[in-house]
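S.K.: sequence and predicted structure, then a few things I'm wondering about:
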Amino acid sequence: MPDRGLRISGLRVSVAGNDILKGIDLNVEPGRVHALMGPNGSGKSTLALALAGHPGYEISGSATLDGLDLLAISPDKRARAGLFLSFQYPAAIPGVKVSSFLQATRQAVKPGDLPPAKFRQLVMEKMDLLDMDPSFLGRYLNDGFSGGEKKRLEMLQLAVLAPKYAILDETDSGLDIDALRAVGESLGAMRKDAATKEIGLLIITHYPRILQHISADVVHIMVDGRIVKEGGPELAHTIEREGYDSLREVAAVSV
């Protein structure tokens, strides 16, 4: 059996000649929640996009998904292998219904695994699990959606696709208290569902607000393209009290 996990080792990323990630080591295990925190410009989103296969990045090091070399395959094959990325700012696509989008994405990632009737049953089960109104399905993708609705729709996509590992890039960005709670409850519901409880989650965030609703097993702090500290859930509370300034000094010393 291959060594299970989303395993990142010595990952370096340059964008337009600028070094953004400077040797990242990070492992996400099945069924575990990892939080990646850091100030603006620290490289968190660059890590997410590099793992998903951004074409404009120069990358060295390694990243494997249950033993499969992610860096050697195209973005669509990474998705089919079981990697999911939620976006900080999900795009609106007028004219494409949510129901059609969900069916197309499931077919692209897991072709032919469910006939239409079974797929619709799956979608309705997941909407019930996430306490979502079925009227979402008839709306155009993110068109006129509030920030909270966009993020809840991404949680539905995650539940329907049931990947092996999911990277949630600032899912809490721009959400009010109620929307944040709804997203956190959605993640909590999926953690209890048999079909999705083994998904390994990497939650990327500036602030520990979302971690009040879903507890992280491990917290990683990234500053200036490096992970400078790791710990348990209490580390997020320390950052909330003390900020990142002291860790910037650690990053400077490690250069």
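M.R.: Right, received. Where do you want to start? Numbers count the residues shown, from 1 in each chain.
S.K.: run through the strands of the chain in chain order.
M.R.: 6-15, 18-28, 33-37, 57-65, 68-69, 83-86, 93-97, 140-141, 165-169, 200-205, 218-223, 226-231 (DSSP state E).
S.K.: between those strands, which one is nearest to Lys110?
M.R.: Between Lys110 and those, the shortest gap by Cβ to Cβ is with strand 83-86, which sits at 12.2 Å. Bear in mind the C-beta positions are built from the backbone N, C-alpha and C, glycine included.
S.K.: other residues contacting the closest one?
M.R.: 6, 48-49, 51-52, 65, 70, 151, 154, 157-158, 161, 163-169, 171 (Cβ atoms under 8 Å, 6 or more residues apart in numbering).
S.K.: hang on, the earlier thing: a markdown table for the strands of the chain, including mean pLDDT, distance to Val109 and mean neighbour count?
M.R.: Below are those laid out as a markdown table (pLDDT from 0 to 100; distance: least, Cβ to Cβ, whole Å; neighbours: other Cβ atoms under 10 Å):
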| stretch | mean pLDDT | distance to Val109 | mean neighbour count |
| --- | --- | --- | --- |
| strand 6-15 | 97 | 16 | 18 |
| strand 18-28 | 97 | 19 | 18 |
| strand 33-37 | 96 | 22 | 24 |
| strand 57-65 | 97 | 13 | 17 |
| strand 68-69 | 98 | 15 | 12 |
| strand 83-86 | 96 | 9 | 22 |
| strand 93-97 | 96 | 17 | 12 |
| strand 140-141 | 96 | 17 | 18 |
| strand 165-169 | 96 | 12 | 25 |
| strand 200-205 | 95 | 17 | 24 |
| strand 218-223 | 96 | 27 | 23 |
| strand 226-231 | 96 | 29 | 18 |
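S.K.: any chance of TSV for those, columns distance to Arg120?
M.R.: Formatted as TSV, those follow (distance: least, Cβ to Cβ, whole Å):
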stretch	distance to Arg120
strand 6-15	31
strand 18-28	31
strand 33-37	30
strand 57-65	29
strand 68-69	31
strand 83-86	21
strand 93-97	13
strand 140-141	17
strand 165-169	23
strand 200-205	27
strand 218-223	37
strand 226-231	42
